[in-house]
Every structure is written in C-alpha cells, then in structure tokens.
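Enquirer: sequence below, structure please.
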Amino acid sequence: MRVVGAVLSAVLLLAAVAAEAQQNVRIPVEQSGRTVQLAAQLFRPAHGATPAPAVAIFHGCGGPGQNTSRMAGLLASWGYAALVVDSFSARGLKDVCGRNWPTQADAEARAHDIDATLAWMAKQPGIDAKRLGYMGYSYGGGVAMLRALSNAPSGSAPTPAARAVVLVYPDCALADTLGPRLSVRQPTLFAMGALDDWTPVPRCQAVIDRVASGKELIETKVYEGAHHSFDALGLPVRYLDGVGNRSKPGGCCGAHYGAHEPAWKQFVADVRGFLAKHLVP
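Expert: Have a look, this model is predicted:
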C-alpha cells in the first residue's frame, strides 16, 4: 500500500507542476452564422523537444472538472501540449446531466468544436500539426466518437487529421444514428468501467462490432470493478437518480458514478502507452 501511495503522490505532483504552465486561450467556432469563442486552457509541455505533440480534451455533461485538468497536467508532464476545451460556458451552459440532457443534434453540433480545436492547435507555435490527438469523456467521449467514426461535415474547412483518439467511458448510444457499417480512420482507444451503467460496455461493444473498416485500429480497455467516472479521485461511488441515461428506455434516468483508484492508475498507464505509440516518433 505504501508503494501504491507513493506512485499516486508522484503522479499527482507531476500533474500539479505541469499545471503551473497553463494559459487561458479562446477557440473560435462557427455556429449558425456567428462565431462562438470557446474558453480553453492550454498546458505547455514540461519537457521534451519542440514542436511537441498535442492532445485536446473534451469534457462530459458536467463541464470541465478536476479529471480533465488532472489529465492535462499529466500529459504536459509526459511532454505533450494539452488543451482542455470548455464547450459550455460560451453557450450559457453549465451542467446538462439532468433535465437539460443533450440531444443527438446537440452532440452532432458539438463535433464542430473538435474540428475547430484541431485547426487552432495546428497553427500554434511549439505544436506539431502532424502529431495531434484528442480525448473525450462520457458525453464528450460520445461526441469524440462521432467525429472519430464519421467524416468532417461537407463544406467545412479542411481539418488536420488526428493521429490518436481516446474515448473515456464514452456515451456510445450517440452512434445509433450512424448506420450499420462504420469505419475508423485513426488509432482509437475505448477505456471503460466494467460496472458502468451510465455508458455501459455492451453498448460500446455493439458500436465496435459495426466497424467494417479499420477495426484493427481500435484498442479496448475494460477496468474491472469500476463504475462511470472511475477517475473522479476521492469521490465515493453513489447513485444519481436524476441524470439522463441513454442506455435506459426513453433515455431516463439514473446511474452510478464514482472513483475506482486501481482502474484510474491502470487507465493512466494505458493512455500513456497508447499516445506514446501513436504520437511520439
């Protein structure tokens, strides 16, 4: 237990040190004939060669939180630029987990945030436009999945191609409208909790089973004993009876969520290995 505690403390310390290098920025996104300026935090890499690989992070239905900031700090400590994007504040949103549960159309529209973010990162000094990736959590993971499995919207500006995608307990029900045959164009990691009843593993496996092209690019990690938000360190597992849940009839309601430290530690190792394989030359 002392060794585990020491490793955990070291990881959190590295994330805290990297977090000191963060910078507040804005990401312009075209929406319904106007430009929305999304708030974002850019974490510069703590070490390594420049230009550096970069990873954008997209939050879940509760907005940006400690888990997305913690991951950005870890990425920076590993030598990546990391960008935590707030898709909600500029749109007057804060938490859409309950009665404002986002629709399919909301998710498909939010996929434009990924396109705009990749384009923005590709233009930044110190970032390698040829080594970009993105991560999505829960609802944001479902949005990231839509982008990873579908082409950019017709008529949109060219978007730099991502070389790696990480989907963290993604809302796989959002893929129901994509059709029976799917394709994957870049290495994609599904990271899920075995006990997740909010974005359950079987729902995501059904999506993976529909992939007809590029299935060899998919990696799947399922963490035993873990519920949704297994990376919410310090938060005991509890049941939320008022949250929307697309895995239930009618999309309502209720799910468990909370931390599972062994799953989180393995997840960190898995993400580090996956990104090193695909974003580091």
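
Enquirer: now stretch 120-131: mean pLDDT?
Expert: The average pLDDT for stretch 120-131 rounds to 96.

Enquirer: just the buried residues of it, please?
Expert: For stretch 120-131, burial by neighbour count (16 or more other C-beta atoms under 10 Å) applies to 120-122, 127-128, 131. Yep, even glycine has a C-beta here, placed from its N, CA and C like the rest.

Enquirer: give me the contact list for it.
Expert: 27-28, 42, 44, 50-54, 56, 81, 83, 132, 160, 163, 279-281 (C-beta atoms under 8 Å, 6 or more residues apart in numbering).

Enquirer: same deal with stretch 250-259?
Expert: Under C-beta under 8 Å, 6+ apart, the answer for stretch 250-259 is 101, 195-198, 227-245, 248.

Enquirer: make a PyMOL selection of whichever of these turn out to be buried.
Expert: Of the contacts of stretch 250-259, the buried ones go into a single PyMOL selection, burial set by 16+ other C-beta under 10 Å:
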select buried, resi 101+195+196+197+198+227+228+229+230+231+232+237+240+243+244+245
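
Enquirer: inside strands: which ones of the contacts of stretch 250-259?
Expert: The strands, defined by DSSP state E, take in 238-240 from the contacts of stretch 250-259.

Enquirer: closest one to residue 189 out of the residues you listed, please.
Expert: Using C-beta to C-beta, residue 240 is the member of these that lies nearest residue 189, at 26.2 Å.

Enquirer: now for the closest one: which residues touch it?
Expert: If you count contacts by C-beta under 8 Å, 6+ apart, then residue 240 has 97, 254-257 around it.

Enquirer: element containing the most centrally placed residue in the chain?
Expert: Centroid-nearest residue in the chain, with C-alpha atoms, centre = their mean: residue 136, separated by 1.4 Å. Using DSSP states H and E, residue 136 maps to strand 127-137.

Enquirer: ok now that strand, how far from the chain's centre?
Expert: Offset of strand 127-137 from its chain centre (C-alpha atoms, centre = their mean, to the nearest Å): 11 Å.

Enquirer: tell me how far the helix or strand following that strand lies from the chain's centre.
Expert: Next along the chain after strand 127-137, taking DSSP H and E as the criterion, comes helix 139-149. Remark: helix 139-149 is offset 8 Å from the chain centroid, using C-alpha atoms, centre = their mean.

Enquirer: which strands and helices sit next to helix 139-149?
Expert: strand 52-58, helix 104-122, strand 127-137, strand 164-168 (3 or more C-beta pairs under 8 Å, 6 or more residues apart in numbering; DSSP states H and E).

Enquirer: can you list contacts of that helix?
Expert: Helix 139-149 is contacted by residues 58-61, 87, 96, 102, 107-108, 110-111, 113-115, 134-136, 162, 165, 167-175, 178, 182-186, 188, 199, 207, 211 when judged by C-beta under 8 Å, 6+ apart.

Enquirer: so for that helix, mean pLDDT?
Expert: Here the average pLDDT along helix 139-149 is 94.

Enquirer: buried stuff in stretch 253-269?
Expert: 255-260, 263-268.

Enquirer: take the residues you listed and keep only those in helices.
Expert: Among these, the ones falling in helices (DSSP state H) are 263-268.

Enquirer: tell me which element residue 64 is part of?
Expert: Under the criterion DSSP H and E, no helix or strand holds residue 64.

Enquirer: wait, it sits on residue 83?
Expert: No - using C-beta atoms under 8 Å as the test, residue 64 is too far from residue 83 to be in contact (11.3 Å).

Enquirer: more neighbours: which of these two?
Expert: Neighbour totals were compared for residue 64 and residue 83, and residue 83 leads with 28 against 23 (other C-beta atoms under 10 Å).
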